[in-house]
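Trainee: just coords:
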């Protein structure tokens, strides 16, 4: 290279470096991250994450979509902007029967669709049935499985009826593990009030359907011959009872949702469900317009067809560019809605999102967008939001593959991770030894798992037949451990790589074992993990579907699907017992016991309670860093008076 | 010439069908599903989803159905990920975005590249030559995922002159940074190719003849030297234009543009089969057509190629 060329190159590089440095020093001094000029109109511009899969709330189970659905659709209840607890929405009030197995919701009379049609209980009946209808193929259907017969209907199961007597076979007669019937499954008895708050109106509304529903749980068996025969072969008693009986397919009309009148909805559950009202704010239970859905089919969500019922309605939608929603004057609570429009930008590249925020083209961004390397700077700003998140990070262990099938080995790996140090390194998260997030469920007596104890880890490894010895230089070695039988898999992402390397270093340092790392793209990773095609460790993370510890504990409640291969009937029984408890305190105690059992079995290594962290302009008010990153948009507004801005994190206390 | 074009067009059809088949096979072999998530879905729901989208059918039925729709109606089906949106609509909607950025970048690259390359060749070993070739070297060696953020850092985040990302319609200020980022490497290549081509031509006999005839320097350069010197550029820019038109993954991602490239990468990550296949087929068609155009242009520029 000639001298001239070298000088030119140097000059160019120097100017780039200078620009970068000057930019950094200027941001270091400012109180906020970037510009703080409110938009001209009452418009809120928000990055909600990836392009929405659909505007149909039954389809997507993603969080980016959940926030959009919260603008467009209303449900019986809405998430409280701070606590995420249920607050009245289309239901003005509700009451539960004495064991929370049946609920009555009293709807407001002024609920309207965006086309002006009134919203009635029938709309809920339709929407709830639709979400568990097989053809809808809703990924959220499982959340409605607590509703009586919703699960067998979704799975296309059948009832078994005796054609002579018209009697149905009952579940309790064929399965010893069937829990006792909840009150909603006991025959109606007018003398015994079911609802403590009863208005004594119970009997007047007891239609035929309600009487029919108010019976012990019927037996349901697979609708396809193959699945049925497999079941019958395994259960001779059932096979004998089947003789001469007829199969009755479960209909949408059999599900435990009914409209008592236009403005009263009844939901009957298959089990006591004290958490139900909290769950009902989920997108699966937000209502869709029957007439429009039936008229347009899959195209009903196109902007020219769509009819919604939330505080906002669709104005324009340019996929992959922006979704504009505007205030819906038909909305029952339109007076509360302060924003004229919300612009949702679908974006997924974090630095790109942060840049847009910095120059003031968006007013807030979604959770987890601040890149780890930027945190040092962004954390000091007054528009940086953080708080505990109802989500955890953990490692899954394939417990079917040796040597990890030995609980001592699993425990040793857990003991040798310093979670305090991990949380410090990650900057925003909190160390975790259990399987439910810390500080999320107020009265939950969360159990404690094993602490960081490398001595104990080495002792356990030695006990399991893999002696760990100290070398002359102070490091450890474990020559007998089959390192080729254990690996650590994660989906390709910078932060996951850093995490994998961190764990690898801990095990190397404390056990003298070097675990190999393997990365793959997200969908491949999910597949490998679900099918247990890995040996050793896999990254895991889970965020709450609803505000109850069960949303975490249920991950190990069903077999084969949890990615570790661990399933213990004892654990299932413990969780069942807890969920049958009417006293919420007792229920929490039993759930905590089950959680302790789970973490002692160590199919997982808990790492941390995740943290909500994002940025929002100080002039955006009514938006709080709540544990689920879900915002009731009708309370959000643009404040133009700087003296009323948020300087720092707004309090989450009510 | 006409026979040549027709023959080339006829070869295009089986080529595209083969490309589609390979793309389909690769997508089928890739592990994972469009609906999989952190928590595995209950088997009944998984089954319902597979039935809804016909994924429960044997592979030859799925393949046959897809091919039939494509050959018969040019219909690539409906996106799996984006409920109810047809692949053809998605391509029709995102193509203008990619094309706007691509064509602008192409024009910019061509104008700046050819000018800089010609000047460098005409004033070989001068300060002009060195500085433009240094810049060209930088343009080639600095990847666009580095250049893009640097431009954003300077012009958006420090100076607040230009928007850092997003589509703002056409024309808009939002286009400036992505167009520069995208064109940089092409600009650099074109400059180098032009310079090399021109240098070779300028030393050739017919240029000496032209000069000897007493033609003005301007006529020599524009009428004779440039025409010959641009041959390598033409063969380079045909496929380049195809890539520019069909979107570039990195630039569309950095600047969050709703173009084909962005859809392509998302579709692959989401395992959105029909969308992947639709975009692959579209890129293949564009590429083949551009190559054909290059060959035709070649024939016009160089009489020796004509037959």
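Mentor: Done, it's in. What you see is a predicted model, and the numbers here were worked out from it, not measured in a lab.
Trainee: Identify the residue nearest the geometric centre of chain B.
Mentor: Centroid-nearest residue in chain B: residue B:243, 1.1 Å away (criterion: CA atoms, centre = their mean).
Trainee: so who does that one touch?
Mentor: B:102, B:287 (CB atoms under 8 Å, 6 or more residues apart in numbering or on different chains). No exception for glycine: its C-beta is placed from N, CA and C like everyone else's.
Trainee: moving C-terminal of the helix-or-strand element of chain A with minimal mean pLDDT, what's the next helix or strand?
Mentor: Lowest mean confidence among the helices and strands of chain A (mean pLDDT, DSSP states H and E): helix A:3-29, at a mean of 56. Once helix A:3-29 ends, the next helix or strand along the chain (criterion: DSSP states H and E) is strand A:43-49.
Trainee: residues in contact with residue A:207?
Mentor: Per CB under 8 Å, 6+ apart, neighbours of residue A:207: A:258, A:260.
Trainee: Model confidence at it, what's the number?
Mentor: In this prediction, residue A:207 carries a pLDDT score of 77.
Trainee: Residue A:392 belongs to a helix, doesn't it?
Mentor: No - counting by DSSP: H, G, I helix; E, B strand; the rest coil, residue A:392 is not part of a helix but strand.
Trainee: count of neighbours near it?
Mentor: Per other CB atoms under 10 Å in any protein chain shown, the neighbour tally for residue A:392 reads 27.
Trainee: From residue A:47, how far off is it?
Mentor: Distance, residue A:392 to residue A:47, using CB to CB, to the nearest Å: 24 Å.
Trainee: Helix, strand, or coil at the residue in the stretch 1-150 of chain B positioned nearest to chain A?
Mentor: Residue of the stretch 1-150 of chain B nearest chain A, by CB to the nearest CB: residue B:32 (2.9 Å). State at residue B:32, reduced to three classes by three-state DSSP: coil.
Trainee: Tell me how many other residues crowd it.
Mentor: For residue B:32, using other CB under 10 Å, the count is 19.
Trainee: does it really touch residue A:526, like I thought?
Mentor: Yes - using CB atoms under 8 Å, residue B:32 and residue A:526 qualify as a contacting pair, with a distance of 5.7 Å.
Trainee: Let me see the ranges of the helices in the stretch 551-654 of chain A.
Mentor: In the stretch 551-654 of chain A, the helices defined using DSSP state H, counting those that start in this stretch lie at A:569-579, A:584-601.
Trainee: Buried deepest among these, which one?
Mentor: helix A:584-601 (a mean of 19; mean count of other CB atoms under 10 Å in any protein chain shown).
Trainee: Could you list the residues of the stretch 201-307 of chain B in contact with chain A?
Mentor: B:253-256, B:258, B:262-263, B:266, B:269-271 (CB under 8 Å from any CB of the partner chain).
Trainee: so which of the residues you listed is the most crowded?
Mentor: Neighbour max across these (other CB under 10 Å) = residue B:263, 33 neighbours.
Trainee: Which element, helix or strand, includes it?
Mentor: Counting by DSSP H and E, residue B:263 is found in helix B:260-270.
Trainee: Tell me the residue of the stretch 201-307 of chain B that sits nearest chain A?
Mentor: residue B:258 (3.5 Å).
Trainee: Contact partners for that residue?
Mentor: A:318-321, B:93-94, B:97, B:167, B:252.
Trainee: can you do 7 Å?
Mentor: A:318-321, B:94, B:97, B:167 (CB atoms under 7 Å, 6 or more residues apart in numbering or on different chains).
Trainee: Also residue A:48?
Mentor: A:64, A:67-68, A:344, A:366.
Trainee: repeat that for 8 Å
Mentor: Residue A:48 neighbours (CB under 8 Å, 6+ apart): A:64, A:67-68, A:344-346, A:366.
Trainee: In strands only, show me these.
Mentor: A:344-346 (DSSP state E).
Trainee: Return the member of those residues nearest to chain B.
Mentor: For the ones in strands among the contacts of residue A:48, the nearest to chain B is residue A:345 (6.9 Å; CB to the nearest CB).
Trainee: my guess is that closest one contacts residue A:44, does it?
Mentor: No - using CB under 8 Å, residue A:345 is not in contact with residue A:44; the gap is 11.2 Å.
Trainee: can you give me the strands in the stretch 151-300 of chain B?
Mentor: Using DSSP state E, counting those that start in this stretch, no strands are found in the stretch 151-300 of chain B.
Trainee: Might you list the low-confidence residue ranges for it?
Mentor: B:247 (pLDDT under 70).
Trainee: Helices along that one, start to end?
Mentor: With DSSP H, counting those that start in this stretch as the criterion, the stretch 151-300 of chain B has helices spanning B:176-202, B:205-212, B:217-219, B:226-229, B:231-245, B:249-254, B:260-270, B:273-301.
Trainee: how about the ones you listed in a markdown table, adding distance to residue A:520?
Mentor: Listed next are the helices of the stretch 151-300 of chain B as a markdown table, based on distance: least, CB to CB, whole Å:
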| stretch | distance to residue A:520 |
| --- | --- |
| helix B:176-202 | 30 |
| helix B:205-212 | 57 |
| helix B:217-219 | 60 |
| helix B:226-229 | 48 |
| helix B:231-245 | 27 |
| helix B:249-254 | 19 |
| helix B:260-270 | 12 |
| helix B:273-301 | 18 |
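Trainee: Which among these is found nearest to residue A:412?
Mentor: helix B:260-270 (36.1 Å; CB to CB).
Trainee: and the closest one with helix B:231-245, angle?
Mentor: 60 degrees (axes from the mean of the first three to the mean of the last three CA atoms, to 10 degrees).
Trainee: How much space separates residue A:332 from chain B?
Mentor: Counting by CB to the nearest CB, to the nearest Å, the gap between residue A:332 and chain B amounts to 28 Å.
Trainee: Is it correct that that residue falls within a strand?
Mentor: No - read with three-state DSSP, residue A:332 is coil and lies in no strand.
Trainee: Quick check, it in contact with residue A:112.
Mentor: Yes - counting by CB under 8 Å, residue A:112 is a contact partner of residue A:332 at 6.5 Å.
Trainee: Count the residues that sit near residue A:398.
Mentor: 23.
Trainee: Next, please give the residue ranges for the strands of the stretch 401-550 of chain A.
Mentor: Going by DSSP E, counting those that start in this stretch, the stretch 401-550 of chain A shows strands at A:430-431, A:469-470, A:476-477, A:487-491, A:516-520, A:536-543.
Trainee: what about chain A, any weak spots by pLDDT?
Mentor: In chain A, residues with pLDDT under 70: A:1-28, A:176-179, A:190-193, A:196-206, A:559-561, A:654.
Trainee: give me every residue that touches residue A:233.
Mentor: Neighbours of residue A:233 in contact, by CB under 8 Å, 6+ apart: residue A:239.
Trainee: ok, the nearest residue to residue A:194 once chain neighbours are set aside to residue A:184 distance?
Mentor: Nearest residue to residue A:194, sequence neighbours excluded (CB to CB, 6 or more residues apart in numbering or on different chains): residue A:97, at 4.4 Å. Residue A:97 sits 7 Å away from residue A:184 when distances are taken as CB to CB.
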